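Visitor: no sequence for this one, just the structure:
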């Protein structure tokens, strides 16, 4: 080429001869190609509410993102395609593009999320909205079944197919049970005074229901309780059911018996004349004795036994 200016795009040694009055002057230049590249890595994804850091650690003179930012690394929250253009120290430029996807978070819920129970009762809670779960007590099931010892808050973390997570809590209130206790003052009653006296020693109750075993049921939260039974022999079970304001229950029972005093009549005369009245002498029993099993002794006025 005989021009004083040329354009080259291949590496190599280029020389120029310039004729002058003394001959020819020559100079040369070495041309090398600098390969400027940029790699932003694979596409990224994150969960809604999080962010991804994209960029390069390679050193360049300048950086220009499609968002207008000019740092080598940026944090992005939104889905989209992001492009970075870099320029090196000799003005060579390179670019790369990366796609960021924002995945949805699950909507985790617990059913029920508020439970009131009495001490000793169990709970059953189901988790919804995820494909995997992690409970605060270590369980990884989609449900929780247990008997809480005390009031507590239960936390569950739920995950969807993208690994994104959400949390939910359930409040458990455990109410104490009342304690039923009865002091029976007289358990063996006589039929002429069949009155049972009891003391309600229960604790923590607001309501007391008595079943006296003879068909009588009453609601009485008094401390001192009395009940009159029929004046006839029998055994009865007294049951006490106590409850508190939260509906928690406890019960106890005691037994009483009613028996008659020995009641009999011994006639002072009899008429063994063969008619239908008073032909035999014997005691007449009304209650308290077995007429087939007794002992009868008769003495005369001088204390001599004349019959036994």
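Guide: Yep, it's here. In this text the structure is predicted, and so the values were computed from the model without any measurement.
Visitor: ok, residue 164 - how many residues close by?
Guide: 20 (other C-beta atoms under 10 Å). All C-beta spots, glycine's among them, are computed from the backbone N, C-alpha and C.
Visitor: hang on, I meant residue 121
Guide: Neighbours of residue 121 (other C-beta under 10 Å): 14.
Visitor: same question for residue 258.
Guide: With neighbours defined by other C-beta under 10 Å, the count for residue 258 comes to 21.
Visitor: who's in contact with the closest residue to residue 134 other than its chain neighbours?
Guide: Leaving aside its chain neighbours, residue 134 sits nearest to residue 157 (4.6 Å; criterion: C-beta to C-beta, 6 or more residues apart in numbering). Counting by C-beta atoms under 8 Å, 6 or more residues apart in numbering, residue 157 touches 108, 133, 134, 165, 166, 167.
Visitor: just the buried residues of the residues you listed.
Guide: The neighbour count (16 or more other C-beta atoms under 10 Å) marks 108, 133, 134, 165, 166 as buried among those.
Visitor: which two of those have the greatest separation?
Guide: 134 and 166 (11.7 Å; C-beta to C-beta).
Visitor: name the helix or strand for residue 127, please.
Guide: strand 123-128 (DSSP states H and E).
Visitor: that strand pairs with which strands?
Guide: Strand 123-128 pairs in its sheet with strand 109-111 (antiparallel), strand 143-146 (antiparallel), by DSSP bridges.
Visitor: so what strands line up beside the helix or strand following that strand?
Guide: Toward the C-terminus, strand 123-128 is succeeded by strand 132-135 as the next helix or strand (DSSP H and E). Sheet pairing of strand 132-135 (DSSP bridges) gives strand 152-159 (antiparallel).
Visitor: hang on, the earlier thing: of the buried ones among the contacts of residue 157, just say which sits nearest to residue 126.
Guide: Taking the buried ones among the contacts of residue 157 together and measuring to residue 126 by C-beta to C-beta, the closest member is residue 133, at 10.1 Å.
Visitor: which residues touch that closest one?
Guide: Residue 133 makes contact with 127, 139, 140, 141, 142, 156, 157, 158, 159, according to C-beta under 8 Å, 6+ apart.
Visitor: and the residues you listed, which is closest to residue 197?
Guide: residue 139 (52.6 Å).
Visitor: returning to that earlier point: most packed of the strands paired with strand 123-128?
Guide: strand 109-111 (a mean of 17; mean count of other C-beta atoms under 10 Å).
Visitor: contacts for that strand, please.
Guide: With C-beta under 8 Å, 6+ apart as the criterion, strand 109-111 contacts 125, 126, 127, 128, 129, 154, 156, 168, 169, 170.
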